[in-house]
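>>> The sequence and its predicted three-dimensional model are supplied below.
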Amino acid sequence: MKAAYLIKYGSAGIAFEIRETVKPRPKPNQILISVEAFGLNFADVMARLGLYKAAPRLPAILGYDVVGKVVEIGKEVTRIKIGERVTALTRFGGYAEYAIAESNMVFTIPETFSPGVAVALATQYSTAHFLAYNMANLQENDNVLIHAAAGGVGTALTQMALHKKCTVFGTCSSSDKVKYIRQNGVHHPINYKEGDFGEAVQKILGNDGLDAIFDPVGGRSVKKGYRLLRAGGRLFSFGVSRMNQTKSIFGKLRVAYQFGFYHPLQFLGKSKGIVGINILKVGEENPEKLSKAMEAVVQMTEQGILKPHVGGEFSVTEIAEAHIFLESRRSMGKIVIKWSLKSRL
């Protein structure tokens with residue numbers, strides 16, 4: 001089979017090479033999927049830059065979400081059958097014509113789901129569901145701030161917060177993205193390139209505060225966001241995209257320092273807190289929760305409650321271009337890469 005290997009850390013143009021490799025075989029509780037397409041996530045960019053510690057050693061096959069047909073199942077698998085079309089979370093290995101997934105991370109999907117919608121559900125939407133409903137337990141009338149609201153997880157979080165009848169604030173970096181997140185339902189879009197998001201939120205809420213903040217950016221946005229929480233509020237940090245904006249070790253240390261320093265007594269006294277989420281770690285140690293999230297988002301999409309947006313389609317031969325597009329922060333919604341020569345933006 002063919003696979004897109006990460007062979008060098010650094011710029012996308014030199015990082016990947018398509019190679020022939022051995023088709024994997026499923027263990028008793030695993031499933032082998034013939035991959036129709038795989039998704040691109042910001043964690044892939046971090047891994048390509050050598051900033052993602054959990055990534056395998058080079059040469060490595062990245063990839064966390066795939067869509068395709070089941071071609072082989074382990075002897076203990078009973079829920080999924082050969083020939084079914086599925087979306088799945090993979091523990092790396094998704095950038096290949098065939099990928100392995102644990103059976104509890106594989107879900108049957110309708111043929112009507114596009115490849116981009118399918119892979120968005122596996123990673124972005126299951127992540128958002130776990131954050132919004134498991135960790136944050138969003139309630140009606142909560143004030144919610146979503147950073148990177150035009151991204152895949154941001155799009156999903158917005159739709160889930162709206163389903164709970166929350167008031168949604170969303171940050172983004174361009175006028176096009178302001179238009180996009182407004183169309184997705186954000187009540188108060190904020191272009192952080194044109195003004196301070198903290199001041200914008202305070203201007204609208206006055207003496208009130210936020211109940212939940214979802215932050216994949218990191219650095220000073222966490223420190224600033226913490227101040228915007230009211231009693232009972234929580235900030236969920238699930239990424240450090242700001243880290244890839246600096247190349248030097250000193251720059252990375254500066255970003256780490258900008259998070260601020262906190263003590264449990266501080267959380268206790270103000271009755272608010274910060275929670276860090278690594279969705280891959282959740283999948284490793286508590287897969288049942290992530291499995292339930294995946295099952296829920298598939299059902300909610302079938303019901304029309306959730307509507308994933310596909311912001312870019314590429315062929316596997318354009319994997320470098322796909323990485324550059326995501327890293328440029330011009331993308332909105334989910335980026336999908338197909339095992340075909342045809343591509344479309």
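Perfect, thanks for sending it.

>>> looking at this protein, which helix or strand is least sure?
helix 249-258 (a mean of 54; mean pLDDT, DSSP states H and E).

>>> which residues in this structure form helices?
12-15, 42-48, 115-120, 126-129, 152-163, 175-183, 197-205, 220-228, 249-258, 264-270, 279-285, 287-302, 319-327 (DSSP state H).

>>> and residue 190, which of these is closest to it?
Closest to residue 190 of the helices of the chain, according to C-beta to C-beta: helix 197-205, at 4.7 Å. The way it works is simple: take the backbone N, C-alpha and C, and place the C-beta from them, glycine included.

>>> quick one on the thing from earlier: export the helices of the chain as JSON lines, with columns for mean neighbour count and distance to residue 337.
Output for the helices of the chain, formatted as JSON lines (neighbours: other C-beta atoms under 10 Å; distance: least, C-beta to C-beta, whole Å):
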{"stretch": "helix 12-15", "mean neighbour count": "15", "distance to residue 337": "12"}
{"stretch": "helix 42-48", "mean neighbour count": "22", "distance to residue 337": "10"}
{"stretch": "helix 115-120", "mean neighbour count": "28", "distance to residue 337": "9"}
{"stretch": "helix 126-129", "mean neighbour count": "28", "distance to residue 337": "19"}
{"stretch": "helix 152-163", "mean neighbour count": "26", "distance to residue 337": "14"}
{"stretch": "helix 175-183", "mean neighbour count": "17", "distance to residue 337": "21"}
{"stretch": "helix 197-205", "mean neighbour count": "16", "distance to residue 337": "32"}
{"stretch": "helix 220-228", "mean neighbour count": "20", "distance to residue 337": "29"}
{"stretch": "helix 249-258", "mean neighbour count": "13", "distance to residue 337": "28"}
{"stretch": "helix 264-270", "mean neighbour count": "11", "distance to residue 337": "41"}
{"stretch": "helix 279-285", "mean neighbour count": "16", "distance to residue 337": "20"}
{"stretch": "helix 287-302", "mean neighbour count": "18", "distance to residue 337": "20"}
{"stretch": "helix 319-327", "mean neighbour count": "20", "distance to residue 337": "6"}
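
>>> Check these for me: which has the lowest mean pLDDT.
When these are ranked by mean pLDDT, helix 249-258 comes last with a mean of 54.

>>> if I look at residue 291, how far off is residue 73?
Distance of residue 291 to residue 73, computed by C-beta to C-beta, to the nearest Å: 17 Å.

>>> likewise residue 158?
From residue 158 across to residue 73, the span is 36 Å (C-beta to C-beta).

>>> Then residue 313?
29 Å.

>>> again, but for residue 150
38 Å.

>>> Between the two, point out the one with more neighbours.
A count of neighbours by other C-beta atoms under 10 Å puts residue 150 above the other of residue 150 and residue 73, at 29 against 21.

>>> On the pLDDT front, check the more buried one for me.
Looking at residue 150, the pLDDT reads 92.

>>> Surely it is in contact with residue 181?
Yes. Counting by C-beta atoms under 8 Å, residue 150 touches residue 181, with 5.3 Å between them.

>>> Would you mind listing the residues touching both of the two?
By C-beta atoms under 8 Å, 6 or more residues apart in numbering, residue 150 and residue 181 have these common neighbours: 170, 172.

>>> mind listing what the lengthiest strand in the chain pairs with, with the direction of each?
In the chain, taking DSSP state E as the definition, the longest strand is strand 30-40. In the sheet, strand 30-40 lines up against strand 65-73 (antiparallel), strand 98-102 (antiparallel), strand 334-338 (antiparallel) (DSSP bridges).

>>> what is residue 30 paired to in the beta sheet?
residue 102.

>>> list the contacts for it?
73-74, 77, 100-103.

>>> The same query, at a cut-off of 10 Å, please.
Shown in contact with residue 30 (C-beta atoms under 10 Å, 6 or more residues apart in numbering): 24, 72-74, 76-77, 100-103, 105-106.
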